[in-house]
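> The sequence isn't on hand, but the structure is:
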């Protein structure tokens, strides 16, 4: 007979809240790094637009410059 221990009000079994494995954490870090690279790459191309086009898209040049940019994907 199996028993499940429930915690708090969220009623999620404790077994489901175990720590993530090394491969899962590595995969998540890889995805985060690639998303960061993509943001920098897109920001570099957004900075090529004029201020009117950025304003039409709801963006501000100062904000994009503050986030950083990189003309290279890798």
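Cool, got the structure. Quick caveat: nothing in here was measured; it's all calculated off a predicted structure.
> Find out how far stretch 29-45 is from the centre of the chain, if you would.
Offset of stretch 29-45 from its chain centre (C-alpha atoms, centre = their mean, to the nearest Å): 9 Å.
> what does the top helix by length along the chain contact?
Secondary structure of the chain per DSSP state H: the longest helix is helix 22-46. Helix 22-46 has contacts (C-beta atoms under 8 Å, 6 or more residues apart in numbering) with 20, 54, 59, 64, 67-74. All C-beta spots, glycine's among them, are computed from the backbone N, C-alpha and C.
> Report the two of the residues you listed separated the most.
Pairwise distances across the contacts of helix 22-46 (C-beta to C-beta) peak at 38.8 Å, for the pair 20 and 54.
> Neighbour count for the two, which is higher?
Each of residue 20 and residue 54 has its neighbours counted (other C-beta atoms under 10 Å); residue 54 has more, 16 against 10.
> so that one sits right up against residue 61, yeah?
Yes - assessed by C-beta atoms under 8 Å, residue 54 is found in contact with residue 61 at 5.8 Å.
> which parts of stretch 60-74 are buried?
64, 69 (16 or more other C-beta atoms under 10 Å).
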